[in-house]
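Q: Sequence and predicted structure, then a few things I'm wondering about:
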Protein chains: 2
Amino acid sequence: MKKLIPVLLTILFLYSCTQLQEQQETIQTDPLPSWNDGNTKQAIIDYVLDVTNRESENFIPVSDRIATFDNDGNLWSEQPAYFQLLFAMDRIKALAPDHPEWKTQQPFKAVLENDMKELGKSGVHGILELVMASHADMTTTEFETIVKEWLATSKHPRFDKPFTDLVYQPMLELLQFLRDNDFKTFIVSGGGIEFMRPWVEEVYGIPPDQVVGSSIKTEYDYNNGNPVIKRLPEMDFIDDGSGKPIGIHKFIGKKPVFASGNSDGDLQMMQWTASNNYKSFMLYLHHTDADREWAYDRQSHFGRLDKGLDEAEGNGWTVIDMKKDWKLIYPYELIK
Amino acid sequence: MKKLIPVLLTILFLYSCTQLQEQQETIQTDPLPSWNDGNTKQAIIDYVLDVTNRESENFIPVSDRIATFDNDGNLWSEQPAYFQLLFAMDRIKALAPDHPEWKTQQPFKAVLENDMKELGKSGVHGILELVMASHADMTTTEFETIVKEWLATSKHPRFDKPFTDLVYQPMLELLQFLRDNDFKTFIVSGGGIEFMRPWVEEVYGIPPDQVVGSSIKTEYDYNNGNPVIKRLPEMDFIDDGSGKPIGIHKFIGKKPVFASGNSDGDLQMMQWTASNNYKSFMLYLHHTDADREWAYDRQSHFGRLDKGLDEAEGNGWTVIDMKKDWKLIYPYELIK
């Protein structure tokens, strides 16, 4: 028995060493399992390994590893229309009984008649009118409740799934891969900041203070010791196009080194990121998969990608070919 | 020799166990060494231990541990005037040769003549005029450079030290104590967001995206492929008074559970925090130490604390008595 003690102790000691090592070692498995092997996946991995390598001339200190992601059509789908527009339409229908005038007044009439063609004609101005009428004149807490209820009860017309099921599994992996390498991940979206905040933490792992988006004005009301913030029917900030670098500067205060988007509305964010003194990475998602998702680019009403595609090609930015590069689209396909 | 092996192995094994344990154990030393023992220090520690204890009915999940700190007069001094105002005055003097009209035009005349009394008369409107004239019409990068240069070369008139030396050591410890307990610490200041961002990460350990402050409007300029953001002479947002809950909602998107301030401009932030469904903590700093720092409250031009002091007393919020509660004020006193 006595002879066994040193052997047992040696085993115990070696075992405890292994445990320590395991904690410290980086995970060696594929960080992007839903991406097909190829140039796109390799370019992402090469970039991250390069700029996080202390020996590399392209090394970026942790505090400057800022990654910005567009949301609509980039982290989740945006067809047949931006999901926030579908939400606004549902709200308009719910509020219609109190607004008989909407029966004859555009763009409300188009909403009530589900006339997407007429609605398209009303343009950005029409969409903003719908947002004002359906998103304002309530407290921020009330609005958050309405968003959560809508997401919990509504289903996407094509896939018959909750909208938050229609996020892109490959992008969830990319967000996690970046965070595992000490990037701070932000959403920078043209969508409403308060439409995103109630669910992005759970779905994307991105906390509310790392969300940049469009907003309406608000007002503080002491309300006899039960303070509330009221949403006013007036635009405060539109986080789209050249609004994206402005929003990034305003909310984040540092220039990104990694930017990911899918439309011309992301082009200025890409340019801004490309001008970083650090080695930067610009990633465009090209919707090329009509079977599993949608195929659209230069002619689309929602998420038009035209100039951005030309600039990406001209500048050698990385373009995801959804059909070719992604093994699967949505997380629920993993369970099948 | 052979008999020694099991002994040595046992020692090695026990040692490796201790190492592991040490990593996992919470630090048992005083987290607030520059605070005198007493009610204030104890109230802070009791609160943090309570809300981070999983067994407590007051437990707050990590993602909701939001702590907001005013800056001027709360994390660093603000006398004889807000340091940003001293910066603006230096800028006005530097720009004066190009503006002969300032010799006769208030509030510029007062700045050029160092007439603080006359400057005081010009009020908030006058200060904003100085900020516009001295902080705008340049790119954000140029402004950052000017701020850094000023901080590197200017000294405080009373203490003859760089302004960033005049931060409060006890508050640095409080920030660190909160972060060690998984609070996310934010600055919420009436000061200019771009005046703070260049230095707060190094000085307070707070990254630029966790800074909320006042801002002027900006504009994106593609600039033939070398994009810049231009600072415009127009206010965008004033993060003071009822602007603070608005700023918190806009930038952070969650209600704080811990708020720390020193003036009436922080009162609405305190009320907003006090209305949290979680157990919250409101902390006012009362400047009571004319010898080591300054003593001022209800009558002060800068950092007036009047209504806030009454509300703090009425609501049982914690008030720091600087003279009584702080062993020392500035970090350089540690080295003495």
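A: Good, I have the coordinates.
Q: how many neighbours does A:Leu49 have?
A: Neighbourhood size, A:Leu49 [other CB atoms under 10 Å in any protein chain shown]: 11. Glycine gets a C-beta too; all of them are placed from N, C-alpha and C.
Q: hang on, it is in a helix, isn't it?
A: Yes. When classified by DSSP: H, G, I helix; E, B strand; the rest coil, A:Leu49 is found to be part of a helix.
Q: Distance check, it against A:Glu129.
A: 48 Å (CB to CB, to the nearest Å).
Q: A:Ala67 now?
A: 34 Å.
Q: Neighbour count for the two, which is higher?
A: Comparing A:Ala67 with A:Glu129 by other CB under 10 Å, the one with more neighbours is A:Ala67, at 23 against 18.
Q: residues in contact with that one?
A: Going by CB atoms under 8 Å, 6 or more residues apart in numbering or on different chains, A:Ala67 touches A:178, A:183-186, A:256-260.
Q: between those, which is nearest B:Trp199?
A: Taking CB to CB as the measure, B:Trp199 lies nearest A:Lys184 of the contacts of A:Ala67, at 19.2 Å.
Q: Let me know whether the closest one touches A:Pro207 as I believe.
A: No. Counting by CB atoms under 8 Å, A:Lys184 does not reach A:Pro207; the two are 10.2 Å apart.
Q: mind listing the strands for chain A?
A: Remark: strands assigned in chain A by DSSP state E are A:66-69, A:138-139, A:184-192, A:211-221, A:228-237, A:258-261, A:281-288, A:295-296, A:318-321.
Q: and among the ones you listed, the most buried is which?
A: Comparing these by mean neighbour count (mean count of other CB atoms under 10 Å in any protein chain shown), strand A:258-261 comes out on top with a mean of 28.
Q: Show me what that strand is packed up against.
A: Here strand A:258-261 touches strand A:66-69, helix A:169-180, helix A:267-274, strand A:281-288, going by 3 or more CB pairs under 8 Å, 6 or more residues apart in numbering or on different chains; DSSP states H and E.
Q: Recalculate using a threshold of 10 Å.
A: Strand A:258-261 is packed against helix A:39-51, strand A:66-69, helix A:169-180, strand A:184-192, helix A:243-251, helix A:267-274, strand A:281-288, with contacts defined by 3 or more CB pairs under 10 Å, 6 or more residues apart in numbering or on different chains; DSSP states H and E.
Q: what lines up beside it in the sheet?
A: Its sheet considered, strand A:258-261 pairs with strand A:66-69 (parallel), strand A:281-288 (parallel) by DSSP bridges.
Q: List the contacts of the most centrally placed residue in chain A.
A: By CA atoms, centre = their mean, chain A has its centre lying nearest to A:Asn71, at 2.8 Å. A:Asn71 makes contacts with A:78, A:82-84, A:167, A:187-191, A:195-196, A:200, A:204, A:206, A:211-213, A:261-262, as judged by CB atoms under 10 Å, 6 or more residues apart in numbering or on different chains.
Q: Kindly recompute the last result at 8 Å.
A: A:Asn71 sits next to A:187, A:189, A:191, A:196, A:213 when contact means CB under 8 Å, 6+ apart.
Q: Which residue comes closest to the residue of the stretch 51-200 of chain A found nearest chain B once chain neighbours are left out?
A: Going by CB to the nearest CB, chain B is nearest to A:Arg197 of the stretch 51-200 of chain A, at 4.7 Å. Using CB to CB, 6 or more residues apart in numbering or on different chains and skipping residues adjacent in sequence, the residue nearest A:Arg197 is A:Pro208, 4.2 Å away.
Q: Number of residues surrounding that neighbour?
A: The number of residues near A:Pro208, taken as other CB under 10 Å, comes to 20.
Q: Surely it is in contact with B:Lys254?
A: Yes. A:Pro208 is within contact range of B:Lys254, at 5.5 Å (criterion: CB under 8 Å).
Q: Residue numbers of the stretch 201-336 of chain A in contact with chain B?
A: Applying CB under 8 Å from any CB of the partner chain, we find that the stretch 201-336 of chain A lies next to chain B at A:201, A:207-211, A:215, A:218-220, A:222, A:225-227, A:229, A:236, A:242-243, A:245-246, A:249-254, A:268, A:271-272, A:275.
Q: contacting residues for the nearest residue to A:Glu144 once chain neighbours are set aside?
A: Using CB to CB, 6+ apart and skipping the chain neighbours, the partner closest in space to A:Glu144 is A:Pro198 (5.0 Å). By CB under 8 Å, 6+ apart, A:Pro198 lies in contact with A:144, A:147-148, A:151.
Q: Could you rerun that using 7 Å?
A: By CB atoms under 7 Å, 6 or more residues apart in numbering or on different chains, A:Pro198 lies in contact with A:144, A:147-148.
Q: can you pick the most crowded of those residues?
A: In terms of neighbour count, A:Val147 stands highest of these at 21 neighbours, by other CB under 10 Å.
Q: thinking it is in contact with A:Phe195, fair?
A: Yes. Contact status for A:Val147 versus A:Phe195: in contact at 5.8 Å, counting by CB atoms under 7 Å.
Q: Buried residues, stretch A:97-115. List them.
A: For stretch A:97-115, the neighbour count (16 or more other CB atoms under 10 Å in any protein chain shown) marks A:102, A:107-108, A:110-112 as buried.
Q: Using CSV, write out every CA atom in it.
A: Written as CSV, here are the backbone C-alpha positions of stretch A:97-115 (Å, rounded to 0.1, in the frame of the first residue of the first chain):
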residue,chain,number,x,y,z
PRO,A,97,-60.9,52.0,-34.3
ASP,A,98,-59.8,55.3,-32.6
HIS,A,99,-58.8,56.8,-35.9
PRO,A,100,-61.7,56.7,-38.5
GLU,A,101,-59.8,59.2,-40.6
TRP,A,102,-57.2,56.6,-41.5
LYS,A,103,-59.7,54.8,-43.7
THR,A,104,-59.2,57.5,-46.4
GLN,A,105,-55.8,58.8,-45.5
GLN,A,106,-52.5,57.5,-46.9
PRO,A,107,-50.3,55.7,-45.9
PHE,A,108,-52.7,54.5,-43.2
LYS,A,109,-55.3,53.4,-45.8
ALA,A,110,-52.8,51.2,-47.5
VAL,A,111,-51.9,49.6,-44.2
LEU,A,112,-55.5,48.9,-43.4
GLU,A,113,-56.1,47.4,-46.8
ASN,A,114,-52.8,45.4,-46.8
ASP,A,115,-51.9,47.2,-50.0
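Q: mean confidence for that stretch?
A: On average, the pLDDT along stretch A:97-115 is 93.
Q: Need the per-residue pLDDT for A:Asp64.
A: A:Asp64 is assigned a pLDDT of 98 by the prediction.
Q: no, scratch that, I was asking about A:Val131
A: Per-residue confidence (pLDDT) for A:Val131: 86.
Q: Next one: whichever residue of the stretch 101-250 of chain A sits closest to chain B from B:Asp180, what distance?
A: Relative to chain B, the nearest point of the stretch 101-250 of chain A is A:Pro208 (3.2 Å; CB to the nearest CB). Separation of A:Pro208 from B:Asp180 (CB to CB) stands at 23 Å.
Q: mind saving the C-alpha coords of stretch A:266-284 as PDB?
A: Only the C-alpha atoms of stretch A:266-284 are listed here, as PDB (Å, rounded to 0.1, in the frame of the first residue of the first chain):
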ATOM      1  CA  ASP A 266     -24.200  50.500 -44.500                       C
ATOM      2  CA  LEU A 267     -21.800  52.000 -47.100                       C
ATOM      3  CA  GLN A 268     -20.700  55.000 -45.100                       C
ATOM      4  CA  MET A 269     -20.100  52.700 -42.000                       C
ATOM      5  CA  MET A 270     -17.900  50.600 -44.300                       C
ATOM      6  CA  GLN A 271     -16.000  53.600 -45.600                       C
ATOM      7  CA  TRP A 272     -15.600  55.000 -42.000                       C
ATOM      8  CA  THR A 273     -14.300  51.600 -40.800                       C
ATOM      9  CA  ALA A 274     -12.000  51.200 -43.900                       C
ATOM     10  CA  SER A 275     -10.300  54.600 -42.900                       C
ATOM     11  CA  ASN A 276      -9.100  53.100 -39.600                       C
ATOM     12  CA  ASN A 277      -5.400  53.300 -39.000                       C
ATOM     13  CA  TYR A 278      -5.600  49.700 -37.700                       C
ATOM     14  CA  LYS A 279      -6.100  46.900 -40.200                       C
ATOM     15  CA  SER A 280      -9.800  46.800 -40.600                       C
ATOM     16  CA  PHE A 281     -12.300  44.300 -42.000                       C
ATOM     17  CA  MET A 282     -15.400  45.200 -44.100                       C
ATOM     18  CA  LEU A 283     -18.000  42.400 -44.600                       C
ATOM     19  CA  TYR A 284     -21.000  42.700 -46.900                       C
END
